[in-house]
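Peer 1: below is the sequence, then the predicted model.
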Amino acid sequence: MTMNRRSFMKLMGAATGVGLAGVPYLSSAAEILPKKGRRVVVVGAGFGGSIVAKYIRMTDPTIEVVLIDREKKFIACPFSNLVIGGFRTLEENTITHDKLAANHGVKLVFDEVTAIDTAAKKVVVSGGTIAYDRLVLSPGIDFRFEEIEGYDPVKTPEIMPHAWKAGPQTLLLKKQLESMKDGGTVVLTVPPTPFRCPPGPYERINMIAFYLKNHKPNSKIIAWDANEDIVSKAGLFRKGWTKHYGYDAKDSSKGMISYHNNSKLTKIDMKAMTVDNGVESVHGDVINVIPQQKAGLIAHKAGVVGEDKKWCPVNQVTFESTLAKDVHVIGDACSAAPMPKSGYSANSQAKVCALNVVQLMNGQDLIPPSHVNVCYSYITDKEAVTVSAVYKEAGGKTIAVPNSGGVSPDLSELEAIYGKSWIKNILTEMSS
Ligand SMILES: Cc1cc2nc3c(=O)[nH]c(=O)nc-3n(C[C@H](O)[C@H](O)[C@H](O)COP(=O)(O)OP(=O)(O)OC[C@H]3O[C@@H](n4cnc5c(N)ncnc54)[C@H](O)[C@@H]3O)c2cc1C
């Protein structure tokens, strides 16, 4: 069953929609999709949300599941760097959720969730409210734009794209590279951890370098990393840069990539096209600013973000918020370190969360979690590297199981082939 904003408004009648904007507590607002039995509402139909919705229905079909996303089509970030490299299309990264409805009876709602009343157990969409017994939030990330002087949340991404939410931003960055002269300078800034996809910025460097090597070989990439070192697969990335892009750690004037650690972006100037780290200012013909991150805004509005004002603390077995009863948070938005903020982590957390939500709703014992994560990063179109680990809960914390994973022994053509099958499988699982 699919409902959109128009059908909601039809159901409600126009009068009931009046006066909803900006009202945080809406117990009196129109209830849409009246709740008849037990219900879980899921906010966000990305890597975490689509899977938790599907697995709750697969585990206990007597529980109604309502899955809400503002977008009808989901565009995946994993492998979106390859679009910038020029050997994948954004369409290949795009899925819909119709089959979650057809095959599993998930009720789809396409609307913006504007508020959550955790006391009344209702979420607010543009058409009214939807009641829940349990709520799962998987809203991904939003940005801490305010930490960069001169950054305008609306204008800056149009000039200095982040491309950290796949879609038009990805295509804009690609277009800017295509329009740049041969011999131009691309500047890329990496935010402090934790951020969505630890190896992602370095794969982005590879993919920009791959494009430039093939089309604008006299160009240069300056990478400013706010962190002490490359935060994931450092040795393998350096090896790839040296092998394919002439990187020289001792002499940044050589090769295509000039990498600088402990170099945190503090200020930008959109007119001058410069970035500043408090020590120096550099000009870029193309500037890819990846801002600092936090849990998706709706998690902040729901009051489930911790004292750090960034991420959501959760019970590591159930992913239930430690701040709001019957609200679970999974994916990038939750704190589950040492698990990285990745699509695969979100998928794994979603399955654990789904099982334990069903156990809780049926008064059964909780199931101890076992998670897995693998992150593929492409060095060129033909070579990739991975990092992987298995995680479990111990003493209330998530830990990496000793000796359970590691990184690829070398740059590998096989990993590049396996990676393509990983993305196909995970996107198929989310959309079938
Ligand atoms: C360049 C790049 C490369 C990456 N590569 C990899 C990789 O190779 N492997 C990997 O595992 N991970 C990778 N990732 C990380 C991965 O994309 C994220 O970790 C993953 O998307 C997190 O899943 P999520 O469910 O938390 O959020 P998302 O998948 O972002 O889903 C969030 C959903 O919530 C919706 N939403 C948010 N707020 C609202 C609201 N208020 N109302 C309605 N809907 C809302 C959004 O529209 C969105 O559909 C990469 C990320 C980037 C940026």
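Peer 2: It's in.

Peer 1: residues from the stretch 301-432 of the chain in reach of the ligand?
Peer 2: 331-333, 341-344, 346, 375-376 (CB under 6 Å from any ligand atom). Placement of C-beta: from N, CA and C, glycine included.

Peer 1: check these and tell me the two furthest apart.
Peer 2: Longest distance between any two of those is 22.7 Å, between A333 and Y376; criterion CB to CB.

Peer 1: okay, those two: which has more neighbours?
Peer 2: A333 (32 against 22; other CB atoms under 10 Å).

Peer 1: mind listing what that one touches?
Peer 2: Neighbour list for A333: 137-141, 295-296, 299, 311-312 [criterion: CB atoms under 8 Å, 6 or more residues apart in numbering].

Peer 1: same thing but 6 Å
Peer 2: Taking CB atoms under 6 Å, 6 or more residues apart in numbering, we find A333 in contact with 139, 295-296, 299, 312.

Peer 1: ok, F87 next?
Peer 2: Counting by CB under 6 Å, 6+ apart, F87 has contacts D381.

Peer 1: with V317 instead?
Peer 2: 366, 369, 393.

Peer 1: likewise M58?
Peer 2: No residues are in contact with M58 under the rule CB under 6 Å, 6+ apart.

Peer 1: so it versus the ligand, what's the distance?
Peer 2: Separation of M58 from the ligand (CB to the nearest ligand atom, to the nearest Å) stands at 18 Å.

Peer 1: and the pLDDT for that residue?
Peer 2: M58 carries a pLDDT score of 98 in this model.

Peer 1: what's the closest residue to the ligand within the stretch 251-400 of the chain sitting at in phi/psi?
Peer 2: Nearest residue of the stretch 251-400 of the chain to the ligand (CB to the nearest ligand atom) works out as G331 at 2.2 Å. Main-chain torsions, G331, degrees, to the nearest 10: phi 80, psi -160.

Peer 1: for stretch 282-296, give the mean pLDDT please.
Peer 2: 98.

Peer 1: for this structure, which spans come out with low pLDDT?
Peer 2: Residue ranges of the chain with pLDDT under 70: 1-28.

Peer 1: distance of the closest residue to L171 other than its chain neighbours relative to D332?
Peer 2: Take L171 and drop its neighbours on the chain: the residue closest to it by CB to CB, 6 or more residues apart in numbering is L90, 6.6 Å away. To D332, L90 is 20 Å away according to CB to CB, to the nearest Å.

Peer 1: kindly report the same for L265.
Peer 2: L265 is 21 Å from D332, by CB to CB.
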